[in-house]
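**Student:** model this:
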Amino acid sequence: MAETKEGFFQARKPRYLELAERITREIGEGAHEVGSLLPSEAKLCAAHRVSRHTVREATRVLQELGLVVRQQGRGTRVRSSKVVSRYVFAMDAIPDLWDYVKHTELRVIRRRLIAARDAMTPLPGPGSRRWRLVEAVRCADSGDPIAWKQVYIDARYDRVLSQIGQRQVPIYALIEQRYGIRAVKVRQDISAVDIPGEAARGLRVIAGSCGLAILRHYVASDDTVFEVTMSVYPADRFRYSVELKLEYGNGGR
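**Tutor:** Now for the predicted structure:
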């Protein structure tokens with residue numbers, strides 16, 4: 001089953017990200033030495049059977065990772081064999097949460113029982129409704145913090161608490177597996193924020209610096225919300241990537 005899921009994730013990944021990952025591996029393995037020029041756009045297109053747009057987007061990602069620099073009239077030069085100390089995560093579908101969790105670590109800071117009225121994040125239902133709050137920091141393999149998180153779980157499903165941070169599985173999936181409910185949709189809001197003090201300490205950034213907040217409501221088949229997650233990312237450690245496809249009627253273009 002795991003092999004099937006991994007294949008599914010890979011199939012959904014945008015072509016430019018696949019190409020960026022491939023070139024990153026080649027740079028790390030010494031195929032493109034630091035100081036040398038990458039092959040031209042035309043050669044990359046031919047070698048990997050992709051469009052110029054895909055090559056340019058992949059190059060943009062490599063620049064953001066600090067691996068290459070584009071020089072007007074000269075080409076793209078390799079500047080480093082290692083990614084600079086930041087984590088760039090691109091996601092274009094909810095299933096990619098599995099891949100994200102698989103390659104990161106959730107470090108739980110504390111857990112407590114609260115009423116909805118006492119939550120920092122607005123929660124659905126009456127103010128007296130009970131939720132289990134899990135505060136945590138998600139870290140990259142290097143140990144660098146990526147996101148500060150507040151996860152609110154409907155108190156009826158709190159037996160999953162002991163597994164949070166112990167298994168590399170999304171929390172909503174732990175609830176599904178334990179209680180037999182199913183998440184049928186996820187409502188998501190993205191906004192710019194000034195990173196609050198507690199989050200700043202966990203992320204090792206300056207309080208009040210710019211960040212990105214992602215609020216997700218996980219909705220069951222009966223339209224009830226069983227998990228609410230607020231994640232705060234420093235502005236330079238997260239990229240949210242979405243590919244939109246246009247459909248035309250009658251075969252038009």
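**Student:** could I get the full set of helices for the chain?
**Tutor:** 2-12, 15-28, 41-48, 52-64, 96-102, 171-179, 197-203 (DSSP state H).
**Student:** packing partners of the last one?
**Tutor:** What it means is helix 197-203. Judged by 3 or more C-beta pairs under 8 Å, 6 or more residues apart in numbering; DSSP states H and E, helix 197-203 is in contact with strand 145-154, strand 225-234. In this view, the C-beta of every residue, glycine as well, is placed from N, C-alpha and C.
**Student:** between those strands, which one is closest to residue 69.
**Tutor:** Closest approach to residue 69 among the helices and strands packed on helix 197-203 (C-beta to C-beta): strand 225-234, 22.8 Å.
**Student:** now for the closest one, which elements pack on it?
**Tutor:** When contacts are defined as 3+ C-beta pairs under 8 Å, 6+ apart, strand 225-234 packs onto strand 145-154, helix 171-179, strand 183-194, helix 197-203, strand 210-220.
**Student:** what comes up buried for the shortest one?
**Tutor:** Residues of helix 197-203 classed as buried by neighbour count (16 or more other C-beta atoms under 10 Å): 199, 200, 202, 203.
**Student:** how about the residues you listed, which pair is most distant?
**Tutor:** Once C-beta to C-beta is applied, the buried residues of helix 197-203 give 200 and 202 as the farthest pair, at 7.4 Å.
**Student:** any low-confidence regions in the stretch 1-150 of the chain?
**Tutor:** 1-13, 83-101 (pLDDT under 70).
**Student:** 50 - rerun?
**Tutor:** 1-11, 85-90, 92-95 (pLDDT under 50).
**Student:** looking at the helices and strands packed on helix 197-203, which is nearest to residue 186?
**Tutor:** Nearest to residue 186, of the helices and strands packed on helix 197-203 and by C-beta to C-beta, is strand 225-234 at 9.3 Å.
**Student:** list the strands paired with the closest one, with their directions.
**Tutor:** Looking at strand 225-234 with DSSP bridges, its partner strands are strand 145-154 (antiparallel), strand 210-220 (antiparallel).
**Student:** most tightly packed of those?
**Tutor:** strand 145-154 (a mean of 23; mean count of other C-beta atoms under 10 Å).
**Student:** okay, that one in CSV with CA atoms only?
**Tutor:** Extracted C-alpha coordinates of strand 145-154, given in CSV (Å, rounded to 0.1, in the frame of the first residue of the first chain):
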residue,chain,number,x,y,z
PRO,A,145,12.0,24.7,12.6
ILE,A,146,9.5,25.2,9.7
ALA,A,147,6.2,25.9,11.4
TRP,A,148,4.7,26.7,14.7
LYS,A,149,1.3,24.9,15.1
GLN,A,150,-1.8,24.9,17.2
VAL,A,151,-3.9,21.8,16.6
TYR,A,152,-7.4,21.6,18.0
ILE,A,153,-9.0,18.2,18.2
ASP,A,154,-12.6,17.5,19.1
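**Student:** what sits against the residue lying closest to residue 209 once chain neighbours are set aside?
**Tutor:** Leaving out its chain neighbours, the residue that sits closest to residue 209 by C-beta to C-beta, 6 or more residues apart in numbering is residue 195, at 5.4 Å. Residue 195 makes contacts with 148, 203, 205, 206, 207, 208, 209, 210, 211, 232, 234, as judged by C-beta atoms under 8 Å, 6 or more residues apart in numbering.
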